[in-house]
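**Q** this one's structure only:
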């Protein structure tokens, strides 16, 4: 019987944002709602994002996505700066972090000011809300949102395209669990993504790859930060 040749559909790099002010503050005292929900990168976080961009500079991404929160958009912008050709940053609202309240709606102005060359992810309805409240979501709701995000990417990219997806530690965990095939019941471990930790996922046409339809090349890779 002739063996099927593996057919790569998508080469995806899942990336956590760089260190943010929210990662280093021990108290929210004196912070505005924007600063609590959507803190910017620290100087260290900017450096981490730059190093991530340098590490990925040999990869020509077909698209770069970020959540609508500032720290993710800042990180994605640094990655884009290191690309050999200009890229437009696409905002994918579904990959926003867990725990964003419905009353938060003022962060996008800061994102646009930081990078005017952004757009809603291609193919999404123009009335798609850029800020998707998630504070009331249980694990089922987060898994469902992760599935929507993964389905969007798999429906749009079918020819081995390379994409970067910059999101957040908690929500990236749900994306990874979804890709691993969990049915919505929380597993008994946490990936514990580090700032700018990278996870490379190769998705193949069903049944064409002997090692599985979804292959994790690495998870939470931080070698670009060695010696930082």
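**A** Looks like it arrived, so ask away. In this text, all values refer to a predicted model and were calculated from it rather than measured experimentally. Numbers count the residues shown, from 1 in each chain.
**Q** quick one: low-confidence ranges for the protein?
**A** For the chain, applying pLDDT under 70 flags the ranges 1-3, 26-35, 102-108, 133, 135-136, 184-188.
**Q** show me where it has helices.
**A** Taking DSSP state H to define them, one finds helices in the chain at 21-24, 33-37, 43-55, 70-81, 108-114, 139-156, 169-180.
**Q** can you list those helices in TSV and add distance to residue 100 and mean neighbour count?
**A** Heads up, the C-betas are built off the backbone N, CA and C, glycines and all. Shown next, in TSV, are those (distance: least, CB to CB, whole Å; neighbours: other CB atoms under 10 Å):
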stretch	distance to residue 100	mean neighbour count
helix 21-24	12	16
helix 33-37	6	16
helix 43-55	19	20
helix 70-81	12	25
helix 108-114	12	15
helix 139-156	11	17
helix 169-180	10	21
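**Q** Take those and write them to JSON lines, including distance to residue 124.
**A** Output for the helices of the chain, formatted as JSON lines (distance: least, CB to CB, whole Å):
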{"stretch": "helix 21-24", "distance to residue 124": "27"}
{"stretch": "helix 33-37", "distance to residue 124": "22"}
{"stretch": "helix 43-55", "distance to residue 124": "25"}
{"stretch": "helix 70-81", "distance to residue 124": "16"}
{"stretch": "helix 108-114", "distance to residue 124": "15"}
{"stretch": "helix 139-156", "distance to residue 124": "8"}
{"stretch": "helix 169-180", "distance to residue 124": "17"}
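**Q** So for residue 7, which of those helices sits nearest?
**A** helix 139-156 (13.1 Å; CB to CB).
**Q** From the chain's centroid, how far away is that closest one?
**A** Helix 139-156 sits 12 Å away from the centroid of its parent chain (CA atoms, centre = their mean, to the nearest Å).
**Q** Give me the contacts around that helix.
**A** 9-10, 12, 92, 94-95, 98, 121-124, 132, 134, 137, 163, 165, 171, 174-175, 177-179, 182, 184, 186, 203 (CB atoms under 8 Å, 6 or more residues apart in numbering).
**Q** what's the distance between the nearest residue to residue 5 once chain neighbours are set aside and residue 4?
**A** What sits nearest to residue 5 in space, not counting adjacent residues and going by CB to CB, 6 or more residues apart in numbering, is residue 208, at 6.7 Å. Residue 208 is 5 Å from residue 4, where distance means CB to CB, to the nearest Å.
**Q** Now for these two: what residues contact both?
**A** With CB under 8 Å, 6+ apart as the test, residue 208 and residue 4 reach no residue in common.
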